[in-house]
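Asker: A structural model of the following input is requested.
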Amino acid sequence: MPTIFKPPCDEGVILSGPDAKPCSKATARWVLAATILGSGMAFIDGAVVNVALPVMQKELNATIGQAQWIVESYALFLSALILVGGALGDRFGRRKIFGWGVAIFAAASVCCGLSADTAQLILARSVQGVGGALMVPGSLALISASFSSGQRGRAIGIWSGFASISAGLGPLLGGWLVQHLSWRWAFFINIPLAAVVLAIVFFRLPESRDEDSPPGLDLLGAILATAGLGGIVYGLIESSSLGLGNPRIVITLSIGTAGLAAFFANEARGKNPMVPLKLFKSKTFSGANLLTLLLYAAMSGILFYYPFDLIQVQGYTTSQTGAAFLPFILTMFFLSRWSGGLLDRYGARLPLIAGPIIAAIGFALFAVPGIGGSYWTTFFPAMTTLGLGMAISAPPLTAVVMGAVPRQHAGVASGINNAISRAAGLIAIAVLNIFMLRTFQANLDERLAAIGTPAEAQQLILGQVAKLAAIALPPDLDAAARQALQRAIDEAFVGGFRVVIYICVALALASALSAWLLVEPEPEPDRAKARGPVGEVG
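Answerer: Predicted coordinates:
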C-alpha cells in the first residue's frame, strides 16, 4: 500500500520494542474498526463459500474434485504464506501489508464473482488466499501494536467477539444471497467491506513495524511449503479419479513429499526460519500442535460435506443450510467465556482432553440421520454437541500454545498453530474425499443393481460418480424410476458421509489422546499466566 497519506498519531509512530508507544484513543478505535472489518471479511467469505459450494458445483457442472479445489486453492496459499505475511508486516509496516492484503483479497473476490468456469474460479481463489495471508496475521499485529498492555486484552476480546459474530452471520448471509441472488454474491459482498477498510487504512491508521525484526525473510521456506503442500493435495485429490498408481499421481505425490522434506531441512538450517523447529523441543508445544492438526482436520472434513448433505440430499434451501450452522456458532460464542474459566480451575490439560472427546461425540451424532426427518432431531444435536466440544477446546489450546514457549516467541508460536490448523483442513479434505468417493461408488453400484436399473441408465449415472449427489439423472425416465434412482444416489452419499464421520471421530479421539500423553499439567500459579487471546481459526 503506497504511503501517500500519513495519518496523525497523537503519540507518534507506533513501534514494537523498548520505545513502543500506543496511539491515541481515537486512532486506536480506528485500528480496531479496520481490523474487525478486515478479519470479518475473511470470516464471512469462508462461511459463505462453504454454504454456496453445492450450488456452485451444480451451476458450474463441476465434479466434487473441482469443488474441493475451490476451497483448497484458497487454503493452500493461505496456510503456506500466512507466516510470511506476518513477517512482512513486522518488517515493512503492518499498515502497508495489511492494506495490500485487503486490496488483493478484494480484487480477487471480483474475479471470483465474474468467473465463467471452475478453472477461472480456482485461479481467483488462489490469489484470494495470497491476499488473506497478508491480511489475516496483520489484524492481531495491528491491535497489539496500537494498544497499551493494559488495554490490549480488552481490545483483542472485542475483536474476538466481533469475529465470532462475523462467523455466525456468514452462513445466514451466504444462504440468503445464494438463494435470492446468486452464488457470485458470495464474493461480491467483500467489495463494500474492503472499500471501507481501505478508506480507514489510508486516512486513519498510523504505520507500525518491528524495528528488531530479523533482516531476512524465509522466502525459500514459503516456496517449499507451497510446493510441498500443493503437490500432496493435488495428488490426493486427483487420485480419486486417476487412482493412486497413476504415474502422474505418483510423481506429484513424490514431488510434494520431497518439497515438505526440503522445507523442514531448510527450517532446521535457515538463519531466519518462519517455523523455528526448536520450539517443538517443548513436549507441550508439540502436543498442542498435534492436537490442532488432528482436531481441525476432523472438523474441516465434517463441515466440508455437511452443506452438500443438507442441500443435495436432504433438500434444504441455502438459507436453511446457513441457519443450520447457528447452533455450533452460538454455542461456541456464548460458552467461550465460561470455558475460559475452566483454565483457572482445572488448568489446560483436562479441558484439552475432555473437549475433543465431546467433539468426537458430536461428530458421531452426524452419522445418526438418514434421509429426511426434522432438523431438531437429526442435525441439531450434532451441531450443538460439536460446538460444546470446540468451545471447551479452543481457549485452553491457545493458552497452551502461547504458554509453552518463551514470551518473545509467543507471536510466532500462535502463527505456527494458526497455520497448522489451516493446513490440517487442507490435507483432510483431500484425504477424506478418497474414502468418500470409493464408498459412494461401491454403495451406488450395489443399489443400482438391486433396483434393476437399465444398463444404459446405469452407465450414464456411474459415469458421473465424481459429482457425488449432484449426478444428473437420464431425462427419459418415468417418475417412479427417477424417484428410485434419486433415492439410491442419496443413500449412497449418506453411506459415504458416514465413513467420513467415523474417520473424523477417530481423529478427534486421537487429538484427546495427544493431549493426555504430551500436554504437561502446569503448576497452579502458572494457570492464569498461560492464558492468551483466542486466535482465529477457520
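Asker: what does whichever strand or helix holds Phe202 rub up against?
Answerer: Following DSSP states H and E, one finds Phe202 within helix 190-203. Helix 190-203 has contacts (Cβ atoms under 8 Å, 6 or more residues apart in numbering) with 1, 4-5, 7, 30, 33-34, 37-38, 40-41, 44-45, 95, 98-99, 102-103, 105-106, 109-110. Just so you know, the C-beta spots here come from the backbone N, C-alpha and C atoms, and that holds for glycine as well.
Asker: how about Pro475, phi and psi?
Answerer: phi -70, psi -20 (degrees, to the nearest 10).
Asker: cool, and the one 3 residues further on?
Answerer: Main-chain dihedrals, Asp478, degrees, to the nearest 10: phi -80, psi 170.
Asker: please apply the same query to Asn272.
Answerer: Torsion angles, degrees, to the nearest 10, at Asn272: phi -130, psi 70.
Asker: residues near it, how many?
Answerer: 13 (other Cβ atoms under 10 Å).
Asker: name the helices or strands packed onto the helix or strand encompassing Met56?
Answerer: Element membership of Met56 [criterion: DSSP H and E] is helix 25-59. If contacts are counted by 3 or more Cβ pairs under 8 Å, 6 or more residues apart in numbering; DSSP states H and E, helix 25-59 sits against helix 64-92, helix 94-113, helix 118-146, helix 149-180, helix 185-188, helix 190-203, helix 283-308, helix 318-324.
Asker: which residues does the fifth one contact?
Answerer: Under the criterion Cβ under 8 Å, 6+ apart, residues Asp45, Val48, Val49, Val51, Ala52, Ser109, Val110, Cys112, Gly113, Gly174, Leu177, Val178 lie in contact with helix 185-188.
Asker: state the mean pLDDT of the helix holding Phe202.
Answerer: Helix 190-203 comes out with an average pLDDT of 87.
Asker: flag every buried residue along the helix holding Met56.
Answerer: 27-28, 30-58 (16 or more other Cβ atoms under 10 Å).
Asker: and if you look at stretch 169-188?
Answerer: Buried residues in stretch 169-188, counting neighbours by 16+ other Cβ under 10 Å, are found at 169-179, 183-188.
Asker: starting at the chain centroid, how far to stretch 245-259?
Answerer: On the basis of Cα atoms, centre = their mean, to the nearest Å, stretch 245-259 sits 25 Å off its chain's mean C-alpha point.
Asker: residues contacting it, please?
Answerer: Counting by Cβ under 8 Å, 6+ apart, 224-225, 227-236, 238-239, 242-244 sit against stretch 245-259.
Asker: now a PyMOL select for only the buried ones of those.
Answerer: Filtering these down to the buried ones (16+ other Cβ under 10 Å) takes a single PyMOL command:
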select buried, resi 224+225+227+228+229+230+231+232+233+234+235+236+238+239
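Asker: out of the contacts of stretch 245-259, list just those in helices.
Answerer: 224-225, 227-236, 238-239, 242 (DSSP state H).
Asker: need the three-state assignment for Gly372.
Answerer: Recorded secondary structure, Gly372: coil (DSSP: H, G, I helix; E, B strand; the rest coil).
Asker: that one against Gln314, yeah?
Answerer: Yes - at 7.2 Å, Gly372 and Gln314 qualify as touching, with contact defined as Cβ atoms under 8 Å.
Asker: quick one on the thing from earlier: quick one: the helix holding Met56 to helix 283-308, angle?
Answerer: 50 degrees (axes from the mean of the first three to the mean of the last three Cα atoms, to 10 degrees).
Asker: residues touching the closest residue in space to Thr284 that isn't next to it in sequence, list them.
Answerer: Of all residues not flanking Thr284 in the chain, Ala404 sits nearest, at 4.2 Å (Cβ to Cβ, 6 or more residues apart in numbering). By Cβ under 8 Å, 6+ apart, the contact list for Ala404 reads Ser282, Thr284, Phe285, Ala288, Ala413.
Asker: pretty sure the fourth one sits against Ile416.
Answerer: In this case it means Ala288. No - contact criterion Cβ under 8 Å: Ala288 and Ile416 do not qualify, at 10.1 Å.
Asker: what touches both of these two?
Answerer: Contacts common to Ala288 and Ile416, judged by Cβ under 8 Å, 6+ apart, are Val401.
Asker: look at those two and report which has more neighbours.
Answerer: Ala288 (29 against 23).
Asker: returning to that earlier point: okay, Gly372 and Gln314: which has more neighbours?
Answerer: Remark: of Gly372 and Gln314, Gln314 carries more neighbours, 22 against 10, as counted by other Cβ under 10 Å.
Asker: any idea how far that one is from Ala133?
Answerer: To Ala133, Gln314 is 35 Å away according to Cβ to Cβ, to the nearest Å.
Asker: ditto for Gly373
Answerer: Distance from Gly373 to Ala133, by Cβ to Cβ: 41 Å.
Asker: the two: which is more packed in?
Answerer: Legend: neighbour count by other Cβ under 10 Å for Gly373 and Ala133, higher for Ala133 (28 against 12).
Asker: now that one: closest residue in space that isn't a chain neighbour?
Answerer: Nearest to Ala133 is Leu81, by Cβ to Cβ, 6+ apart, at 3.6 Å.
Asker: got the contact list for stretch 220-238?
Answerer: Contacts of stretch 220-238 (Cβ under 8 Å, 6+ apart): 65, 68-69, 72, 76-77, 79-81, 83-84, 246, 248-250, 252-263, 266-267, 270, 273-275, 423, 426-427, 430-431, 433-434.
Asker: PyMOL command for the buried members of those residues?
Answerer: Entered in PyMOL, the line below selects the buried ones among these, by 16+ other Cβ under 10 Å:
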select buried, resi 65+68+69+72+76+77+79+80+81+83+84+249+252+253+255+256+259+260+262+263+266+267+270+273+274+275+423+426+427+430+431+433
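Asker: just the ones of the contacts of stretch 220-238 in helices?
Answerer: Going by DSSP H, the helices hold 65, 68-69, 72, 76-77, 79-81, 83-84, 248-250, 252-263, 266-267, 423, 426-427, 430-431, 433-434 from these.
Asker: separation between Asp445 and Leu81?
Answerer: 42 Å.
Asker: just give me the neighbour total for Lys281.
Answerer: Neighbour tally, Lys281, other Cβ under 10 Å: 10.
Asker: next one: the one 5 residues further on
Answerer: Ser286 sits with 16 neighbouring residues when counted by other Cβ under 10 Å.
Asker: can you offset everything so residue one is 5?
Answerer: Let's use 5 as the start, then, which means that last one is Ser290.
Asker: ok, it touching Glu524?
Answerer: No - using Cβ under 8 Å as the test, Ser290 is too far from Glu524 to be in contact (10.9 Å).
Asker: tell me the phi and psi of Ser188?
Answerer: Not quite, residue 188 is Arg, not Ser. Backbone torsions of Arg188, given as degrees, to the nearest 10, read phi -60, psi -30.
Asker: ok, Gln72 - contacts?
Answerer: Ile241, Phe308, Ile433, Ala434, Asn437.
Asker: count the neighbours of the residue nearest to the second one when sequence neighbours are not counted for me.
Answerer: This means Phe308. Leaving aside its sequence neighbours, Phe308 sits nearest to Ile433 (Cβ to Cβ, 6+ apart; 5.1 Å). Using other Cβ under 10 Å, the number of residues around Ile433 comes to 26.
Asker: correct me if wrong: Ile433 contacts Ile74.
Answerer: No - using Cβ under 8 Å, Ile433 makes no contact with Ile74, being 10.8 Å away.
Asker: distance of Leu125 from Leu517?
Answerer: 39 Å.
Asker: of these two, which one has the most company?
Answerer: Higher neighbour count among Leu125 and Leu517: Leu125, with 25 against 17, using other Cβ under 10 Å.
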